[in-house]
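Visitor: just a sequence and a predicted model for now, questions to come.
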Amino acid sequence: MTDAPRAPRRDFARTHHGDTVNDPYHWLSDKDDPAVTDYLNRENAYADSATAHLAPLRQTLFDEIKAHTQETDLSVPVREGAWWYYSRTFEGKQYAAHVRAPAADWTPPDTESGDVDGEEVVLDDNIEADGHDFYRLGSFDISRDGTRMLYAIDAVGDERYTLRIRDLTTGANLADHVPGTFSGAVFSPDGEWVFYTTVDDTWRPDTVWRHRVGTAAAEDQRVFHEPDDRYWAGVGVTRSGRYIVIAVGSNITSEWMLIDADAPESEPRVIWQRREGVEYEVEHAVIGGRSVLLILHNAAAENFELVAIDADALGDPDAAVTVLPHDDAVRLESVEAFRDRLALEYREGGLTRIATIELDASSTLENLSVAPVVFDESLYTVGFGGNPEWEQPTLRLSYTSFVTPSTVYALDPASQSLTLLKQQPVLGGYDPENYEQSREWATARDGERIPLSIVRRRGAASGPLLMFGYGAYEHSMNPGFSIARLSLLDRGVTFAIAHVRGGGDLGRRWYEDGKLLNKKNSFTDFVDSAQHLVDAGHTTPDRLVAEGGSAGGLLMGAMLNLAPELFAGVHAAVPFVDALTTILNPELPLTVIEWDEWGDPLHDSDVYAYMKSYSPYENVRDDVAYPRILATTSLNDTRVFYAEPAKWVARLRDVEAPALLRTEMHAGHGGVSGRYAAWRERAWEMAWILDVLGCADVTVAH
């Protein structure tokens, strides 16, 4: 095995609020320095050498993922206009092909039986990706008449996409070519215009543009620009086709604007002027013949409430009529409007929920009746998806759990009946009865109860356990099925998610209690959850591995400094471990936007001191024995700079911690592109995890 690389130390001092810090590994932030590339390559070589004995296991794990996956498969067709759209995957190919077939009625074509009459390929990602080390599709939209397609591709990993338009009647691309766009471009309802966004130097989507199909990008018109560095801008179209919407938001404040779809060159009109700390989102609906805007907001309503205003009466929050009042126990998350119903998504009791509201000619804002949709499993994740049509008679929903593969149902709202459209195939004789899932509650040191979601193979003894966490941005870690995870469960590994504060699992208050100057609650919640798993007999510290990515990587680094003795190993993926350095630099991508989440240490000395007290890079300890650590990152990541884990590992080496750094040199924040490459990457990580857990040689249960 090669020796562990040692990064040279180069003094670099920074001073804030009278505090001078020497950062000896700051030089690793210079991506263009050949010495940085050389160091990352040496780290990769060391990681490969240190794990060379796991090569057969990695191949076995890859083969298991592949064997469980139906490689030639297709998605459930979704009707848009006169066509059914779906995607096909093919054995041996990395990416999907996007296809369509003519729609005669609301019955989807029988795609399982083989060929579909009239099927045509509109975009083959395998062809578009050919010749590129990285490929990602960032925008994909079809005009409502089905004659044009827009698509935007990132071939580097920096999430800047080149936009093109294809004539679907001929299959040929038009001359339109718009480089440097962000994801999420859309056609206007008439298909004559494309609305898209671009980013500034800090990778913030700040400008909305209008492009007339068939013209040069130089002629594109700027529709809106957001000068405040805390805000992102996005664009979309209402399902009704009545409006083009521009949504602007920071982490705590929103502002939405409308453009009449029949006048796409008109100026956007503000719905509610932004008010600091007030978030809202908007959906156009027609209720009892009345055209209204449904507004989901948190003004004096922590868990959000739903109100309505007349569509032509913008700007006055006091004119709103309450549709669904605030509830301390229910976090309203979204509302979608259709001609004949509304569809609601919300959280209650730590789980996702859905409900419908039927509409008819007699409906008013005051007489709407909510009908929840009930499911039997104790843990599950459900949400609406694939419902683009205003007049569709049923609603599509996606359902999964730790033991139930991803499932698509059609819901008949009138009868509340569910029709199974497709369940993710799991080859190799998968039987959900061989596995069990459960919910437990850990007690935090301040008395809060922390939900834990657990899955294991039925009858598995206590012992090896992989624990996962995130805890930021109100992002909830919902229980879901994973083919790759089966390779862990079938080797006797228990998997647990700790739903720590900072996530949205128990509503808005749960999020607020884990951000800004409450951020340390996320870290102590994870430690207390790990202690619960040990005390409850699920595992022991020498057989416990923790895993988290991005902001969850910060969680990994911070909790390691608090309780390294509780874990045998930690995998930190694209980890935000040099948080203070990043948030101090407003010129870095996303920094100013992040001040609402973490605080502003540049201008606030209390925030500076608080972040410095937990940032993993700042707090590597020389008085403890660290467990085995794996940090994985990507060179072109625009969200969490590769230098953060690189610097962290360099500092861990200073205290003789057994750390590995693995950098993907041709990828971004989401890792490698292509499903086979992603499977190999996950097999690499799982082999390391199994080795740490003492399960590298365990026979798979059948």
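Guide: Alright, I've got the coordinates.
Visitor: who's in contact with the residue most central in space within the chain?
Guide: Against the mean C-alpha coordinate of the chain, by C-alpha atoms, centre = their mean, the closest residue is His475 at 8.2 Å. When contacts are counted by C-beta atoms under 8 Å, 6 or more residues apart in numbering, His475 touches 503-504, 551. In this view, the C-beta of every residue, glycine as well, is placed from N, C-alpha and C.
Visitor: just give me the longest helix of this structure.
Guide: Ordering each helix of the chain by length in residues (DSSP state H) puts helix 675-693 first.
Visitor: can you list contacts of that helix?
Guide: So helix 675-693 is in contact with 51, 54, 57-59, 61-62, 65-66, 89, 94-95, 464-466, 484, 487-488, 491, 493, 543, 545, 547, 568-569, 571, 573, 627-628, 630, 632, 660, 662, 664, 671-672, 696, 698, going by C-beta under 8 Å, 6+ apart.
Visitor: show me how to select, in ChimeraX, the buried members of those residues.
Guide: In ChimeraX, the members of the contacts of helix 675-693 classed as buried (16 or more other C-beta atoms under 10 Å) are selected with the following command:
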select :51,54,57,58,61,62,65,66,89,94,95,464,465,466,484,487,488,491,493,543,545,547,568,569,571,573,627,628,630,632,660,662,664,671,672,696
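Visitor: among the contacts of helix 675-693, which lie within strands?
Guide: When those are checked against strands using DSSP state E, the ones located there are 89, 465-466, 545, 547, 569, 571, 573, 628, 630, 632, 660, 662, 664.
Visitor: let me know the closest of the residues you listed to Asn518.
Guide: Comparing the ones in strands among the contacts of helix 675-693 against Asn518 with C-beta to C-beta picks out Glu547 as the nearest, at 23.5 Å.
Visitor: is it possible to get CSV of the ones in strands among the contacts of helix 675-693 that adds distance to Gly385 and pLDDT?
Guide: Shown next, in CSV, are these (distance: C-beta to C-beta, whole Å; pLDDT from 0 to 100):
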residue, distance to Gly385, pLDDT
Thr89, 18, 90
Leu465, 32, 98
Leu466, 28, 98
Val545, 32, 98
Glu547, 27, 98
Gly569, 35, 98
His571, 30, 98
Ala573, 26, 96
Arg628, 39, 98
Leu630, 33, 98
Thr632, 29, 96
Leu660, 37, 98
Arg662, 33, 97
Glu664, 29, 91
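Visitor: CSV for those residues, including distance to Arg210?
Guide: Listed next are the ones in strands among the contacts of helix 675-693 as CSV, based on distance: C-beta to C-beta, whole Å:
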residue, distance to Arg210
Thr89, 35
Leu465, 53
Leu466, 48
Val545, 50
Glu547, 44
Gly569, 51
His571, 44
Ala573, 38
Arg628, 53
Leu630, 46
Thr632, 40
Leu660, 48
Arg662, 43
Glu664, 36
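Visitor: what is the burial count for the closest residue to Pro541 other than its chain neighbours?
Guide: Here the nearest residue to Pro541 in space, its sequence neighbours aside, is Leu566; by C-beta to C-beta, 6 or more residues apart in numbering that works out to 5.1 Å. The number of residues packed near Leu566 is 20, by other C-beta atoms under 10 Å.
Visitor: use 4 as the first number for this chain going forward.
Guide: Yep, numbering from 4; the last one is Leu569 now.
Visitor: what's near enough to touch Leu569?
Guide: Under the criterion of C-beta under 8 Å, 6+ apart, the contact partners of Leu569 comprise 530, 533-534, 537, 544, 547.
Visitor: and those residues, which are buried?
Guide: Applying 16+ other C-beta under 10 Å to the contacts of Leu569 flags 530, 533-534, 537, 544, 547 as buried.
Visitor: among these, which are in strands?
Guide: Secondary structure assignment (DSSP E) places Leu547 from these within strands.
Visitor: Asn425 contacts Thr410, correct?
Guide: That one is not Asn; residue 425 is Lys. Yes: counting by C-beta atoms under 8 Å, Lys425 touches Thr410, with 7.3 Å between them.
Visitor: for the stretch 304-453 of the chain, just list every one of the helices.
Guide: Counting by DSSP state H, counting those that start in this stretch, one finds no helices in the stretch 304-453 of the chain.
Visitor: under a three-state scheme, what state does the residue nearest to the centre of the chain occupy?
Guide: At His478, secondary structure determined by DSSP: H, G, I helix; E, B strand; the rest coil is coil.
Visitor: wait, Ser525 sits on Ile453?
Guide: No: because the distance of 10.3 Å does not satisfy C-beta under 8 Å, Ser525 is recorded as not touching Ile453.
Visitor: what is in contact with the two at once?
Guide: The contact sets of Ser525 and Ile453 overlap at 503-504 (C-beta under 8 Å, 6+ apart).
Visitor: mind checking which of those two has more residues around it?
Guide: Between Ser525 and Ile453, counting by other C-beta under 10 Å, Ser525 is the more crowded of the two (27 against 23).
Visitor: host element of that one?
Guide: With elements taken from DSSP states H and E, the one containing Ser525 is helix 523-538.
Visitor: mind listing the strands for the stretch 504-653 of the chain?
Guide: Read by DSSP state E, counting those that start in this stretch, the stretch 504-653 of the chain holds these strands, from start to end of the chain: 547-552, 572-576, 631-637.
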